[in-house]
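Q: Model the structure of this input:
(5 chains, ligands or ions: 5)
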Amino acid sequence: ACGDNTTASNSGSNGSSSSSDTTSSSTPISGNFNGAGASSQQAAVEAWVAGFQGTNPDAKIAYDPSGSGAGVKTFLTGATAWAGSDKALADDEVDQSSSVCAANTTAFDIPVYISPIAVVFNLKGVSDAGKHINMDATTIAKIFDGKITKWNDKAIADQNPDLKLPDTAITVVHRSDKSGTTQNFVSYFKDQAPDAWTYDLSENWPNSVGQGAKGTSGVVSTVKQADGTIGYADFSAVGDLGTVAVKVGDKYSEISADGATKVIDDSELDSSVKGDNRVVVKINHATTTEGAYPIVLVSYMIACPQYKDTKTAEFTKAWLTYVTSSDGQKTASQAAGSAPLPDSIAQKDAASIEAIKTK
Amino acid sequence: MSSQEKAAMMPAASGKTADKVFRVIAYACGILILVVLAAVFLFLLFRAWPLIGGDQKANSQTISDFTGGKASSFWGYVGPLLFGTVLVSALALLISFFVSLGIALFISHYAPKKLATALSYVVDLLAAIPSVIYGLWGGLILVPAIYPFWNWIATYFGWIPLFAGPAASPSRTVATVAVVLAVMILPIITSLSRDIFLQAPRLQQEAALALGATKWEMIKLAVLPFGKSGVVSASMLGLGRALGETMAVLMILSPGLTYSFKLLQASQNQTIAANIAAQYPEANDLGVSVLIGTGLVLFLITFVVNYVARKITEKKVA
Amino acid sequence: MGQRIDVNHLNIYYGNFLAVEDVNIHIEPNKVTAFIGPSGCGKSTVLRTLDRMHEIIPGAHVKGEVLLEGKNLYDKDVDPVSVRRDVGMVFQRPNPFPTMSIRENVLAGVRLNNRKISKSDADDLVEWALRGANLWNEVKDRLDNPGIGLSGGQQQRLCIARAVAVHPQVLLMDEPCSALDPISTLAVEDLIQELKGDYTIVIVTHNMQQAARIADYTAFFNLKAVGQPGHLEYFADTTTMFNNPQNEEAERYVSGRFG
Amino acid sequence: MGQRIDVNHLNIYYGNFLAVEDVNIHIEPNKVTAFIGPSGCGKSTVLRTLDRMHEIIPGAHVKGEVLLEGKNLYDKDVDPVSVRRDVGMVFQRPNPFPTMSIRENVLAGVRLNNRKISKSDADDLVEWALRGANLWNEVKDRLDNPGIGLSGGQQQRLCIARAVAVHPQVLLMDEPCSALDPISTLAVEDLIQELKGDYTIVIVTHNMQQAARIADYTAFFNLKAVGQPGHLEYFADTTTMFNNPQNEEAERYVSGRFG
Amino acid sequence: MMADLTQDPKASLEGAPVIDFDKFKPSRSLIASRKRKDAIMTVLIALAFVVACIPLVSVLWTTLVNGIKRLNLNFLSYNMTGVVGGNPTPSGGYGGVLHAIIGTLEITFGSMVISIPIGLMCAVYLVEYAHGGKLAQTITLLVDVMSGIPSIVAGLFAFSMFTIILGPGSVNGFAGSVALSLLMLPTVVKSSEEMLKIVPGDLREASYALGVTKQRTITKIVLRTALPGIVSGCILAIARVIGETAPLLMTAGYIASTNINLFDGKMTTLPVYVYQEYSKLSANCPANATAACVPTIPMERSWAAALVLILIVLILNGIGRLVAKVFAVKAER
Ligand SMILES: Nc1ncnc2c1ncn2[C@@H]1O[C@H](COP(=O)(O)OP(=O)(O)OP(=O)(O)O)[C@@H](O)[C@H]1O
Ligand SMILES: Nc1ncnc2c1ncn2[C@@H]1O[C@H](COP(=O)(O)OP(=O)(O)OP(=O)(O)O)[C@@H](O)[C@H]1O
Ligand SMILES: [Mg+2]
Ligand SMILES: [Mg+2]
Ligand SMILES: O=P([O-])([O-])[O-]
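A: Ligands and ions are numbered 1, 2, ... in the order given. Have a look, this model is predicted:
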């Protein structure tokens, strides 16, 4: 409508969609469709919407990055076609979904967006020189628990013989709002440094160390504002801050999208989850795959296998198909810096999507 | 005279019904205010009901989930939030009160007329600057800029518990937020106080001057006493704004859940409003109930503050 | 033509406070009657009962009768709005409507009552009323200028024109000259003399010479003490009142003024 | 004892507007001088230049001299605040400080000058000033009541007491009775007569009889047309002014009032 | 040149105490100290002004400098659909705020339509009908209290009301209007009340004395005379709410495309847009991106939208002043 940027066939000057075979539907989708949920997916969804509309120019898709919780809540009221969420559905949410999905089916979630979480820092003489710092899980956990307070602490220095570390105090910066990023971040500690990190797993930051900031943007700008800060943020938001190389096996692995794909590829699915068609990744933080980067955020899309409205079903099927296609994943990685889904996951996703009934 | 007479004597359309209808509408609108406030209270209460009447175990689970296990009861959760809210707003009011009075007096009694008109306009405009913009400015510009100052305070006045160091860097602290809120409410208090000072009766001001009072003595004799209750209610309006400010706090403050007066350190306090905004997007149904419960507490607090202030000014006037 | 007013046993209250007690007075048609008396004795209060303006004040009410040509204004079936159309009023401070032009001010009584009036009728009415108020020559070239742009005396005459334009039978004036300078005062006094041919005029004044100059009859109100109700002390034709009053209080007041 | 005022070639401006032109007047000590004239001729304006109250209006300024016992008030080194201490002023409408008691109102000016006044000194002063203002008997039992609780005439006398308490040499009064009823007016007039023993008094009035009753000298101000500057038309002792003025305008004005 | 001690006691001063005026004479040091105090207060007051100017100027300046960069016609005439990462759109811009401007105007208009008539009539009730009775006192008190309602509580209220009445998940612009009208209402009532109060009682009496009914007196004289003030009050009330973010995040949501239906579907407003773009902080540019891809574009959009918001407030103020001028009480004498 009014003011729309012509939904061009590709997403900008260096757009990528070479073909659209992957979206198998012969008749283009049309109508208004809504989604809401994780803000982490926002940049990717914007790219997907643009890409999807390239082949389905009459489909109007709106995404409200209101947050995972709000997204799922809204989805469970039936107001949206799908939800984006940084965590898999809880059991009671699966139960509730039967009232929204048709024919007593229950909602399912599939991973669509994988993004490495960077441990960012700002340290004069190191980060501004473009250097990384090596750390293992225990060191990171101790820093974030306030047990290591100086940058030249022995624990850090030992792992970074090449760096001259100053005697600067460490200021930890964490999310102040409830966040999937936080949960994914600390779950890495729970798996890899259980002795150094004894808090319960939660989307809220558990201790009072350092400073809290609202949203990824808040964390990044806070880290930027002072010397000696360290925080965690979605890879795409890192900018020119320094990043920590994380110990994987015997080596230190710098952050990269590929590294995130690798760790997911090396992970198993959680088979204990309730409900059908669900694809829930149990991230293998202990991976030793060369080049893998274990701190990742896996974000899901949540949909129904059957909808009360066929048009919605048709749309959702086509939409998810596009999103999980290699084309869609490539678009997202260009627009949001995310890691493409490994083939193993993409296949599982495809099987679940196939289950959506359009007739 | 006949034509005039005709004009004057023509029967008037009966205004009696219109009179009645108008009167009823006016009454209804007056009463509507009561209804609206009651509705606010009731709807919030209704949505917060699971907190009171619902499964208490689930509640404490939700709350400890919100706080990372730091609190598990509603009051244990609201307490520090309430403390933080009051602390931040009171500080903001303290900072802006005197400055606002100064500016208001400057505009009403010191500045030349042209400058005063221009300033009034600017102040009115500033009162309308959206809080997100203060949030942006505070978070991105002020926080790094003010650190040296806080550091200086912490170094030299650290012996005062309020200013106990080390000053957090970056300064996402209660002190910084209070400054931003003070800047935000400054135009409101200024603009209302200025209006009142401008209304201070000329006669009494002239009487004071004619007695040989200096300008400041004149202000003390004839302007401030006159403006007292108005200034108090302007401040209350400012305080109310500060109590309820969301975005600026959300975007600047590093929150914490303690009863702490350490203004220069991060992660000490959080306000109710900012907390709602921070938790709301990711909250489930029960979580929303808890948040609305805290909102209800905030509502009651602003209610009480305004009520008390109002009663105080009433007494002073009487 | 003016109408006769008879006030019988009128007690006037502000809430529970009896402000004026047992007034009995007979106001002749087409004459000027002046109310004089010390401040707070109830002159304004009595005046305002004559067109039911008194009851606008919350809690204010009266007991007793005010007969306009024999008809009690305070009868149940009488609409105060229509009483006020028959009895015009002019106030102490000139109060033209600030949002209106001179012309609109004159027409206000007609227009505000939603009466339709043709342009030519309106023009006639404006001219007639302004001439009646002795203002026409001064303002005829600027009828569309704002009414408050006039000088104080002109404003007061404009208010008189406005009152006259609804064609009342009685004209009440509450200290109409007290905010005016002497020259404007004279203009208004002259006007009052002329108007009494058409209207019954009641005027409150604290200026005894004014009363002496313009009134046919004078009523002297008094009060025993502050907080006590005021009352009508003495009523007489003006010559008697000022030269040979048969009432001690009145004499003291009248002569004290000149003392 | 009162002081003598000499005004020489005084031009008074509001911004660029010349309000009063070339005033020359010599005001005798311990006498009452009245300013009369039509509205807008600049009586108040001139009065306010005598204690430098004029300049508190933004843009207002003067050219010329005002000598108080030979010392020019408008000299660079003169502090207007101290001028106003020596020259007291009473305004048209009574303006007691509403938050203060009667007693505090009287002491308001004194307290500015001297913060450490013993209670007994203060009591004496309050009594002296209130007696001087003819108010003592009426209020001596309720000195701690708020000043605005008094009636208009009492308030005006309270204001006079307040002005007198700082013991000025000159007392300026701008239509001090125009908001008062006749009885209060009389009280204030009596007071003025008494005060002139101690002060030089200048009073603005639009009531010519008042001038005739209380003034020793009368200054008649006039203006040629609205928008033109006012000027001092005629200055004479009061008897001459009202009985045998040597100035045509003054005669017309003075007699017009009685016409 | 002060007191004269040897004065004759006069008749009325009979019995009055003899006063030694020297006692009350200001000492030289006191005069100096009073002058000093006056000077100090003057300096402090001017200083308060200067001190306050620093942050306020800084806010405006920052917004202007950062906002002007992306503020152009393209920014004003497009919405955010089809904007991918830091890449330019086919029209050569980087997305815009058209949808947010429309949303802001509609939602604000909605809240005006609700709160101005109610607020005005409530003020009429308080000033013209109630005469300070018990009910009126309660209402006045509650209006005061209401002006302290935190905006987030207003948001929660509108959200609760709409979810309870219309069922869960109902997010639309109108819910935002309701939330905002709750915030506007007390400002409208208070300012209108003030304005009605200063309409001189004279005018009402003049009108009644002409035989005009109360309703017509109020509508044609009182409201008309107070109109300029009422308009400025309403503008102030609008300015108060037009920048609200938190309640709108809850009630009206966020959408990238233009929605012109206030009653259905999400609606973006400018403050929410500012916040959303701030939340993005930066956009991704792939390794092989051209220079046309701007990674800092979200923050730039955020500042530009903030500037647009300030400009709208400015324009509104201008309109208010104009209206006030047009309807102003005609020139004083
Ligand atoms: N609105 C009111 N409410 C209560 N009492 C009132 C009101 N108006 C007047 N009064 C009282 O009624 C009495 C008569 O007052 P009124 O104004 O009629 O006197 P007046 O003779 O007109 O005096 P003035 O010469 O000062 O105008 C006084 O005691 C006064 O205090
Ligand atoms: N504050 C002011 N600003 C500008 N002009 C003023 C001001 N006050 C008075 N004037 C003008 O100065 C002239 C003299 O006014 P002033 O008030 O001294 O007259 P006045 O003789 O005291 O009249 P009145 O009898 O009405 O009190 C008038 O033309 C008036 O318009
Ligand atoms: Mg009266
Ligand atoms: Mg004057
Ligand atoms: O996407 P978030 O949950 O980290 O805000």
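Q: correct me, but residue B:261 touches residue B:173?
A: No: the criterion here is Cβ atoms under 8 Å, and residue B:261 misses it with residue B:173 at 11.8 Å. Just so you know, the C-beta spots here come from the backbone N, C-alpha and C atoms, and that holds for glycine as well.
Q: These two - which one has more neighbours?
A: Using other Cβ atoms under 10 Å in any protein chain shown as the criterion, residue B:261 and residue B:173 rank with residue B:173 on top: 28 against 16.
Q: What residues does chain E have near ligand 1?
A: Contact residues (Cβ under 6 Å from any ligand atom) of chain E with ligand 1: there are none.
Q: What are the boundaries of the strands in chain A?
A: Under the criterion DSSP state E, chain A carries strands at the ranges A:31-37, A:59-64, A:82-85, A:108-122, A:133-135, A:171-175, A:211-213, A:229-234, A:242-248, A:251-253, A:268-269, A:281-282, A:296-303.
Q: mind checking which of the ones you listed is nearest residue C:117?
A: strand A:31-37 (57.5 Å; Cβ to Cβ).
Q: now check that closest one, is it near ligand 5?
A: No: using Cβ under 6 Å from any ligand atom, strand A:31-37 stays clear of ligand 5, coming no nearer than 9.0 Å.
Q: Name every strand pairing with that strand and say which way it goes.
A: Strands adjacent to strand A:31-37 in the sheet, as given by DSSP bridges, are strand A:59-64 (parallel), strand A:82-85 (parallel).
Q: Save those as JSON lines, and put in mean pLDDT, distance to residue E:125 and mean neighbour count too.
A: Below are the strands paired with strand A:31-37 laid out as JSON lines (pLDDT from 0 to 100; distance: least, Cβ to Cβ, whole Å; neighbours: other Cβ atoms under 10 Å in any protein chain shown):
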{"stretch": "strand A:59-64", "mean pLDDT": "89", "distance to residue E:125": "41", "mean neighbour count": "23"}
{"stretch": "strand A:82-85", "mean pLDDT": "94", "distance to residue E:125": "47", "mean neighbour count": "29"}
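Q: who wins for proximity to residue D:113 among those?
A: Taking the strands paired with strand A:31-37 one by one with Cβ to Cβ, strand A:59-64 is closest: 70.1 Å.
Q: got the contact list for the closest one?
A: Strand A:59-64 has contacts (Cβ atoms under 8 Å, 6 or more residues apart in numbering or on different chains) with A:28-37, A:41-42, A:45-46, A:49, A:52-53, A:71, A:74, A:84, A:315, A:319, E:171, E:253-257, E:265-266.
Q: likewise stretch A:340-353?
A: A:108, A:110-112, A:114, A:257, A:261-262, A:264-265, A:269, A:277-279, A:281, A:317, A:320-321, A:324-326, A:329-330, A:332-333.
Q: Can you select the buried ones among those for me in ChimeraX?
A: Selection of buried members from the contacts of stretch A:340-353 for ChimeraX, criterion 16 or more other Cβ atoms under 10 Å in any protein chain shown:
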select /A:108,110,111,112,114,257,261,262,264,265,277,278,279,281,317,320,321,324,325,329,330,332,333
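Q: Would you mind checking the contacts of strand A:59-64 for buried ones?
A: Buried subset of those (neighbour count, 16+ other Cβ under 10 Å): A:29, A:33-37, A:41-42, A:45-46, A:49, A:52-53, A:71, A:74, A:84, A:315, A:319, E:171, E:253-257, E:265-266.
Q: mind listing what residue A:358 touches?
A: With contact taken as Cβ under 8 Å, 6+ apart, residue A:358 is in contact with A:310, A:313, A:314, A:317.
Q: Residue D:106: which of those is nearest?
A: For the contacts of residue A:358, the minimum distance to residue D:106 (Cβ to Cβ) is 89.9 Å, reached by residue A:313.
Q: Next, the contact list for the nearest residue to that closest one once chain neighbours are set aside, please.
A: Counting by Cβ to Cβ, 6 or more residues apart in numbering or on different chains, residue A:313 lies nearest to residue A:307, which is 4.1 Å off, once chain neighbours are set aside. Residue A:307 sits next to A:81, A:101, A:102, A:313, A:316, A:356 when contact means Cβ under 8 Å, 6+ apart.
Q: And the third one, how far from ligand 2?
A: With distances taken as Cβ to the nearest ligand atom, to the nearest Å, residue A:102 is found 80 Å from ligand 2.
Q: Which pLDDT does the model give the nearest residue to that residue once chain neighbours are set aside?
A: Spatially, and ignoring its direct neighbours in sequence, residue A:102 is nearest to residue A:306 (4.0 Å; Cβ to Cβ, 6+ apart). pLDDT for residue A:306: 92.
Q: Tell me, how many residues neighbour residue A:290?
A: Residue A:290: 12 neighbours (other Cβ under 10 Å).
Q: What values do phi and psi take at it?
A: Phi and psi for residue A:290, reported as degrees, to the nearest 10, are phi -60, psi 130.
Q: show me what contacts residue 87?
A: Here I'm looking at chain A. Neighbouring residues of residue A:87 by Cβ under 8 Å, 6+ apart: A:68, A:180, A:183, A:203, A:300.
Q: that answer is for a different chain, and I need it for chain C
A: C:50, C:51, C:68, C:168, C:169, C:170, C:171, C:172.
Q: The last one pairs with what?
A: If I follow you right, that is residue C:172. Counting by DSSP bridges, residue C:172 forms beta bridges with residue C:89, residue C:202.
Q: ok, it touching residue C:47?
A: Yes: if you go by Cβ under 8 Å, residue C:172 and residue C:47 touch, sitting 5.3 Å apart.
Q: more neighbours, those two?
A: Comparing residue C:172 with residue C:47 by neighbour count (other Cβ under 10 Å), the higher total belongs to residue C:172, at 30 against 20.
Q: The more buried one and chain A: what is the separation?
A: Residue C:172 sits 64 Å away from chain A, taking Cβ to the nearest Cβ, to the nearest Å as the criterion.
Q: Tell me who's in contact with the residue of the stretch 1-150 of chain A found nearest ligand 2.
A: Distance from ligand 2 to each residue of the stretch 1-150 of chain A (Cβ to the nearest ligand atom) is smallest for residue A:3, at 53.5 Å. Taking Cβ under 8 Å, 6+ apart, we find residue A:3 in contact with E:77, E:78, E:79, E:96, E:98, E:99, E:257, E:258.
Q: Find the residue closest to it in space, skipping its chain neighbours.
A: Nearest residue to residue A:3 in three dimensions, chain neighbours excluded: residue E:98, at 3.6 Å (Cβ to Cβ, 6+ apart).
Q: Show the backbone phi and psi for the one you found.
A: Dihedral angles (degrees, to the nearest 10) for residue E:98: phi -50, psi -50.
Q: hang on, it packs against residue A:2?
A: Yes: at 6.9 Å, residue E:98 counts as touching residue A:2 under the criterion of Cβ under 8 Å.
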